[in-house]
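Colleague: the amino acid sequence is not available; the structure is as follows:
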Ligand code: MG
């Protein structure tokens with residue numbers, strides 16, 4: 001009998017030097033998301049936001065994690081998912097409207113290492129119920145990130161998301177997950193946003209593990225459909241959704257949020 005691996009096949013453990021290089025990518029991601037968030041307002045197009053992100057990549061000599069990804073190849077450097085769209089929206093001539101939530105997801109490569117994060121930004125004035133969905137989804141991300149420390153286990157993440165989101169009755173997507181990240185944007189393991197068997201299960205969160213954690217919640221049901229463009233995932237009931245993501249490394253001192261400008265210090 002062979003030894004059972006400590007991790008699922010393909011999981012990589014990064015050295016401190018490698019994590020530092022991922023931090024460089026994470027800071028480019030943070031800057032692009034900040035610039036785009038500032039620009040969100042009624043009347044701007046999602047294509048305008050993609051151009052802002054392209055400018056940030058260019059200034060840093062970085063490249064896109066998303067452009068050309070998958071099949072059909074993703075045609076842009078951001079995912080912009082508006083209103084009932086949850087994730088993987090393709091930016092273009094869509095004009096943002098007052099009251100919509102706009103999820104902006106962005107990945108950058110610096111010296112071969114990826115960073116990946118997402119924010120959801122209200123467009124103008126939004127309904128209080130929509131703002132509360134967005135606030136709780138962001139809080140679920142931070143609750144999850146606080147668990148990413150030595151001694152933890154993979155399912156602590158999904159358990160924290162569920163404990164934050166479920167009491168509000170929101171839909172929680174469990175077919176779409178976070179992921180390992182490193183020299184590829186998507187590495188094993190899958191990082192579920194639910195934990196059917198509770199916390200303390202799955203692979204150990206050892207020092208050097210780096211994950212992209214990305215809860216997605218909806219105002220209504222969790223059921224989603226993929227649109228004709230073969231990318232955009234939207235709620236089946238047409239109600240709005242929120243999506244937040246950070247790339248986080250396990251360090252001896254706990255989580256280091258590589259895509260937060262302050263490393264997560266103010267929220268952890
Ligand atoms: Mg991701």
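Modeller: Received, thanks. A quick note: this is a predicted structure, and the numbers were derived from the prediction, not measured. Numbering: from 1, shown residues only.
Colleague: helix, strand, or coil at the nearest residue to residue 172 once chain neighbours are set aside?
Modeller: Counting by C-beta to C-beta, 6 or more residues apart in numbering, residue 165 is the residue found nearest to residue 172 once chain neighbours are left out, at 5.1 Å. No exception for glycine: its C-beta is placed from N, CA and C like everyone else's. Assigned by DSSP: H, G, I helix; E, B strand; the rest coil, the conformation of residue 165 is helix.
Colleague: neighbours of the residue in the stretch 1-150 of the chain positioned nearest to the ion, just the number please.
Modeller: Using C-beta to the ion, the closest approach of the stretch 1-150 of the chain to the ion is made by residue 116 at 4.2 Å. Other residues near residue 116 number 27, with proximity taken as other C-beta atoms under 10 Å.
Colleague: in the sheet, who's paired with it?
Modeller: Counting by DSSP bridges, residue 116 forms beta bridges with residue 107.
Colleague: equivalent analysis for residue 212, please.
Modeller: Beta-bridge pairing of residue 212 under DSSP bridges involves residue 179, residue 247.
Colleague: ok, now which ones touch it?
Modeller: 116-117, 178-181, 191, 245-248 (C-beta atoms under 8 Å, 6 or more residues apart in numbering).
Colleague: how near is it to residue 72?
Modeller: 22 Å (C-beta to C-beta, to the nearest Å).
Colleague: swap in residue 6?
Modeller: From residue 6 to residue 72 the distance is 37 Å (C-beta to C-beta).
Colleague: one more: residue 58?
Modeller: Applying C-beta to C-beta to residue 58 and residue 72 gives a distance of 25 Å.
Colleague: also residue 261?
Modeller: In terms of C-beta to C-beta, residue 261 sits 34 Å off from residue 72.
Colleague: repeat that for residue 267.
Modeller: Distance from residue 267 to residue 72, by C-beta to C-beta: 36 Å.
Colleague: neighbour count: these two, which is higher?
Modeller: The residue with more neighbours, out of residue 267 and residue 72, is residue 267; 16 against 10, by other C-beta under 10 Å.
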